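S.K.: 3D model of this:
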Amino acid sequence: MTTTTIRTTSTTLTTLTMTAQDQCTSIEHLAIATASSVQANAIENWGPQFALDGVISFNDWDFFHSHTEPYTWLQLDFTKIVTVESLSVVMRYDCCVDDRFRSVGVYVGNQPTVVYYLSKNEQCVYFEGPAQNGETIDLSCEAPTSGRYLTVQLTEQNFLMVNEIYVCGYKGI
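M.R.: Predicted coordinates for the structure are as follows:
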């Protein structure tokens, strides 16, 4: 069982939820999130840190939101080698996901991703999409994949929005 905090404009609720991630070791707390860009440069509203804060937002802030650009990405830096088996990506709740979270590659490896370029790391899984508002997308790597970085990256120009991300795997070297 995992405990998830849910942020709304009027109150904060705590709920118990059971996900596929409960079957493995959660490792997202080991990472630092970075991104290719942040919407309106407002890191306090839409910065990459919100993708790893353990809080599901029902507002139009407190989740990661990028600018629109080629190959937009959200990258987790584990600072050491980990092995990734799967991940769950929670979408924005209030709007706009169906035309934005599609054609998404998830890459794992030792090379940090550079703005405007596709990741050079091994593709763990590909999501054709589209996702729906509030949906949780459960993705399994084709095979357990090791590396320092996990990158969620659009393979076309668009906004990238992630409410929360959970990573299943184990610590490595």
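S.K.: Neighbours of residue 128, how many?
M.R.: 7 (other Cβ atoms under 10 Å). (Each C-beta comes from the backbone N, C-alpha and C, glycine too.)
S.K.: Confidence-wise, which helix or strand of this structure is lowest on average?
M.R.: strand 12-17 (a mean of 32; mean pLDDT, DSSP states H and E).
S.K.: All the helices of this protein, residue numbers only.
M.R.: 43-46 (DSSP state H).
S.K.: For it, give me the ranges with low pLDDT.
M.R.: 1-23, 173 (pLDDT under 70).
S.K.: unless I'm mixing things up, residue 129 is touching residue 97, no?
M.R.: No. In this structure residue 129 lies outside contact range of residue 97 using Cβ atoms under 8 Å: 9.1 Å.
S.K.: Same drill for the two, tell me which one is more crowded.
M.R.: Neighbour count, other Cβ under 10 Å: between residue 129 and residue 97, residue 97 has more, with 23 against 17.
S.K.: Quick check on the more buried one: phi, psi?
M.R.: Torsion angles at residue 97 (phi, psi; degrees, to the nearest 10) stand at phi -70, psi -40.
S.K.: Am I right that it is in contact with residue 132?
M.R.: Yes. Counting by Cβ under 8 Å, residue 132 is a contact partner of residue 97 at 6.2 Å.
S.K.: Please identify every residue contacting each of the two.
M.R.: residue 91 (Cβ atoms under 8 Å, 6 or more residues apart in numbering).
S.K.: and residue 123, how far is that from residue 94?
M.R.: Residue 123 sits 30 Å away from residue 94, going by Cβ to Cβ, to the nearest Å.
S.K.: Which one of those two is surrounded by more residues?
M.R.: residue 123 (18 against 14).
S.K.: Hmm, residue 84 and that one touching each other?
M.R.: No. Applying Cβ under 8 Å as the test, residue 123 and residue 84 come out as separate, 11.7 Å apart.
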